[in-house]
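**Student:** Have a look at this prediction, sequence included:
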Amino acid sequence: MTNTKLFFLKDLFLKFSLSAFCLLMTLSVSAQNRNTQQIYGVWANSDCEFVQTGKYSILFQRTNDTISATLRKIEQINGIKYSVFVSGHNFFVSTKKCEKIVPSPQRNKIKLSDFLFLKDNKLTIKDGSRPVTVELVEKIDICPPFKMPLADTNTVGQCLQYWQLGTAEKSLDPKDFWLEIGTNRHVFVFIENPHQVYCRAARIRHNNNGSVFAQNIRLMVSQSNTDVYMSKDNVKTAKADINIDNSLFKPNVCSFENDGIYWSFISCEPDKIKVNGCGQVYTFERPTMNDKKLIEWFKYSGY
C-alpha cells in the first residue's frame, strides 16, 4: 500500500474518530441537561421543603427543635455542574433565635450529581450526614424571556401570577441579600441583612380580586418580629390547594384567614397593579424582557 493511501486512511480514521467523539459528547451533554431539568421544581416531605431552579436551590429542613434554611447556587466548571453554598441559618423553635451555618469544605462545593439523586420520581438530597428524600409538589419549566401580558381589571389575577414568575436577584450585596423564587403556585424568599434574617416558603393563588398568600414555612428573626414555624405535615400543606372566598377581599381591610392572608386588589395600570398588603400597599410591576434582576423565567401554567 502506498504512503499516499496510508495517509488518506489515517486521516479518514482520525476525522471519523473525532466526529464520533463529538457526537458522544453532544449526546452526553444533552442527556445530562435532560436529567438536570427533571430536578427543577418544588419538592417536599413532612419535615422538609426544597426548591431547585437552574440557578439556585433553597432547602428547608426540620430536625427536632431546629429548622434550617440553606441557599445554594449552581456553577458550571469545565462542563460539570456544582451546587455551591451561598448562605444558611439554623432557626431554633424554642428560643426563636438563629445562628449562621458554616459548611465544611466538603459541603461547600458539591457535584450536582453527588448532591441530588432522582429515582422513581423521588429526589434524594445529600446535604449532610443524613440524606433526605422528597416528592415532587410542582414542576418548574424554565423558558426564554417573553413579553408579559398587560393588566386591566379583567386580567388582574392572570397578571399577578405571570409577573411574579421566575428567579429574581433583588440584591446580591452580602450585607443586604435578597433572593426571590416565584413559581405558578409557590413563592420562596431568602433575605439576609443586619436588621433581619427572613427565609420563607408559601403557597399563593391569584384571581381578579387579588391574591391569597399562605405561608407554610416562616423563619424570621428581626428586631421587631420573630417567628420560627413550619407546618406540622409540610408536604400535605405544600400540596394543598387554597380555597378562595371572594367575599374576604376588601381593599381597605387586612384579612388573616385559615387559608391565608388576603391581599385585595386596589387598582391597576397596564404595567402596574396595587394590592392591600396588610399595613401597606404592595405594587407589582410588569417585568420587561431585559429585566436585569430577573435571571430566570418560568413557563406560565394556569390553575
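**Tutor:** Happy to help now that I have it. Numbering: from 1, shown residues only.

**Student:** how far away is V253 from F188?
**Tutor:** Distance, V253 to F188, by CB to CB, to the nearest Å: 27 Å. All C-beta spots, glycine's among them, are computed from the backbone N, C-alpha and C.

**Student:** of the two, who's got more company?
**Tutor:** A count of neighbours by other CB atoms under 10 Å puts F188 above the other of V253 and F188, at 26 against 11.

**Student:** Show me what the more buried one is bridged to.
**Tutor:** Note on F188: beta-bridge partners I181, A201, judged by DSSP bridges.

**Student:** wait, isn't it in contact with Q52?
**Tutor:** No. Applying CB atoms under 8 Å as the test, F188 and Q52 come out as separate, 10.8 Å apart.

**Student:** residues of stretch 166-174 that come out buried?
**Tutor:** By neighbour count with 16 or more other CB atoms under 10 Å, stretch 166-174 contains the buried residues 166-169.

**Student:** Then stretch 259-275?
**Tutor:** By neighbour count on 16+ other CB under 10 Å, the buried set for stretch 259-275 is 259-266, 268, 273-275.

**Student:** From the rest of the structure, what touches it?
**Tutor:** Outside stretch 259-275, the residues within contact range by CB atoms under 8 Å, 6 or more residues apart in numbering are 150-153, 156, 159-160, 163, 203, 208-215, 242-245, 248-251, 253-255, 276-278, 281-286.

**Student:** Only the buried subset of those residues, as a ChimeraX command please.
**Tutor:** A single ChimeraX command selects the buried members of the contacts of stretch 259-275 (16+ other CB under 10 Å):
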select :151,156,159,160,163,203,208,209,210,211,212,213,214,215,242,244,248,249,255,276,277,284,286
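
**Student:** Let's see which of the contacts of stretch 259-275 end up in helices.
**Tutor:** Within these, residues falling in helices by DSSP state H are 156, 159-160, 163.

**Student:** In CSV, list these along with pLDDT and distance to Y56.
**Tutor:** As requested, the ones in helices among the contacts of stretch 259-275 are exported to CSV (pLDDT from 0 to 100; distance: CB to CB, whole Å):
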residue, pLDDT, distance to Y56
V156, 98, 29
C159, 98, 25
L160, 98, 23
W163, 98, 20
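
**Student:** between those residues, which is closest to T70?
**Tutor:** Closest approach between the ones in helices among the contacts of stretch 259-275 and T70, by CB to CB: W163, at 27.7 Å.

**Student:** Return the distance of the closest one relative to H206.
**Tutor:** For W163, the distance to H206 equals 10 Å [CB to CB].

**Student:** so what's G157 up against?
**Tutor:** G157 is in contact with 206-209, counting by CB under 8 Å, 6+ apart.

**Student:** ok, E99 touching N90?
**Tutor:** Yes. In terms of CB under 8 Å, E99 counts as a neighbour of N90; the distance is 5.2 Å.

**Student:** Show me which of the two is the more surrounded one.
**Tutor:** Using other CB under 10 Å, the more surrounded residue of E99 and N90 is N90, with 18 against 14.

**Student:** quick one, phi psi at the more buried one?
**Tutor:** With angles defined as degrees, to the nearest 10, N90 sits at phi -100, psi 130.

**Student:** Give me the distance between it and V132.
**Tutor:** From N90 across to V132, the span is 16 Å (CB to CB).

**Student:** Then L165?
**Tutor:** Distance of L165 to V132, given as CB to CB: 27 Å.

**Student:** who has more neighbours, these two?
**Tutor:** The neighbour comparison of L165 against V132 (other CB under 10 Å) goes to L165, with 24 against 18.

**Student:** Not counting sequence-adjacent ones, nearest residue to the more buried one?
**Tutor:** The shortest distance from L165 to any non-neighbouring residue, by CB to CB, 6 or more residues apart in numbering, is to F298 (4.5 Å).

**Student:** With N246 instead?
**Tutor:** Of all residues not flanking N246 in the chain, N209 sits nearest, at 5.4 Å (CB to CB, 6+ apart).

**Student:** same check, this time on N276
**Tutor:** The shortest distance from N276 to any residue other than its chain neighbours is 4.6 Å, reached at S264 (CB to CB, 6+ apart).

**Student:** Give me the below-cutoff pLDDT ranges for this protein.
**Tutor:** Where the chain drops to pLDDT under 70, the residues are 1-35, 128-129.
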